[in-house]
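> Here is a sequence together with a model predicted from it:
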Amino acid sequence: MRIRKILCPVDFSEPARDALLFAADLAQQYDAELTLLHVYQIPGYAFPEGIVLAGPEVMAELMVRIDKVLGEWKSDAEGHGAMRVSTLSVQGAPWNEIVRTAREQGYDLVVIGTHGRTGLKHVILGSVAEKVVRRAPCPVLTVRLASHLEAHDNAGL
Ligand SMILES: Nc1ncnc2c1ncn2[C@@H]1O[C@H](COP(=O)(O)OP(=O)(O)OP(=O)(O)O)[C@@H](O)[C@H]1O
Ligand SMILES: [Mg+2]
């Protein structure tokens, strides 16, 4: 197996950061391209009569901020030795867009955090990570935070 293209999906959480640093290390060792992918959804608020979605102004600001943070994470990956790093943001359901990107753009490996921003610490894998592991067309490396490891040990898991 040759690892030429690595996909690292990031939700800007602490576990995703650990995945990013691991992916950057691998990219350096294999001299591979590294892509940071963020999937966003249009924010909405549910009322009894229906959902109100964020308008174009809010979305434009969101995109600017996503690009800014992606740029910062890209610099961090470069600081950890990855030579060719690019960023991508797409709208949709996170697991679906991650799997689709891996398939359509021929990635050799996905490096993903075991947890993200929203999940329960005691579950083994967050729902996005689990769906990506189940459906990705390539191997998926899940990266676990050291603090989660301790929490699991203490809970006897
Ligand atoms: N919107 C997203 N865009 C890109 N990558 C994501 C996104 N959401 C999650 N990920 C990736 O998946 C990893 C695991 O996150 P996941 O969402 O599965 O866990 P969680 O947030 O703890 O739980 P859940 O979302 O099921 O409540 C993250 O560390 C990140 O690498
Ligand atoms: Mg999540």
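Looks like it arrived, so ask away. Numbers count the residues shown, from 1 in each chain. Ligands and ions are numbered 1, 2, ... in the order given.
> Double-check that Cys138 belongs to a helix.
No: counting by DSSP: H, G, I helix; E, B strand; the rest coil, Cys138 is not part of a helix but coil.
> That one and Ile112, how far apart?
From Cys138 across to Ile112, the span is 12 Å (CB to CB, to the nearest Å). C-betas here are computed from N, CA, C, even on glycine.
> more neighbours, these two?
Neighbours of Cys138 and Ile112, each counted by other CB atoms under 10 Å, are more numerous for Ile112; the result is 30 against 17.
> Give me the neighbour count for Lys74.
19.
> same check, this time on Gly50
Gly50: 8 neighbours (other CB under 10 Å).
> Now do the contacts for it.
If you count contacts by CB atoms under 8 Å, 6 or more residues apart in numbering, Gly50 has none.
> And it, its phi and psi?
For Gly50, the backbone dihedrals (degrees, to the nearest 10) come out as phi 140, psi 180.
> State the helix or strand in which Ala46 lies.
Ala46 is part of strand 44-47 when elements are defined by DSSP states H and E.
> Grab the nearest non-local neighbour of Arg144.
Closest residue in space to Arg144, ignoring its immediate chain neighbours: Thr114 at 4.6 Å, by CB to CB, 6 or more residues apart in numbering.
> Does the one you found touch Thr142 like I think?
Yes: contact criterion CB atoms under 8 Å: Thr114 and Thr142 qualify, at 4.9 Å.
> Overlap in contacts, these two.
125, 129.
> Any residues of the chain in contact with ligand 2? List them.
Proximity of the chain to ligand 2 (CB under 5 Å from the ion) is limited to residues 116, 118.
> May I ask you to name the longest helix in the chain?
helix 56-79 (DSSP state H).
> Show the average pLDDT along whatever helix or strand comes next after that one.
Later in the chain than helix 56-79, the nearest helix or strand by DSSP H and E is strand 84-91. Averaged over strand 84-91, pLDDT sits at 98.
> Which strands or helices does strand 84-91 pack on?
helix 14-30, strand 33-40, helix 56-79, helix 94-104 (3 or more CB pairs under 8 Å, 6 or more residues apart in numbering; DSSP states H and E).
> hmm, try it at 6 Å
Contacts defined by 3 or more CB pairs under 6 Å, 6 or more residues apart in numbering; DSSP states H and E place strand 84-91 against strand 33-40, helix 56-79.
> will you turn those into a markdown table that also has mean pLDDT and distance to Ile98?
Below are the helices and strands packed on strand 84-91 laid out as a markdown table (pLDDT from 0 to 100; distance: least, CB to CB, whole Å):
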| stretch | mean pLDDT | distance to Ile98 |
| --- | --- | --- |
| strand 33-40 | 98 | 6 |
| helix 56-79 | 97 | 15 |
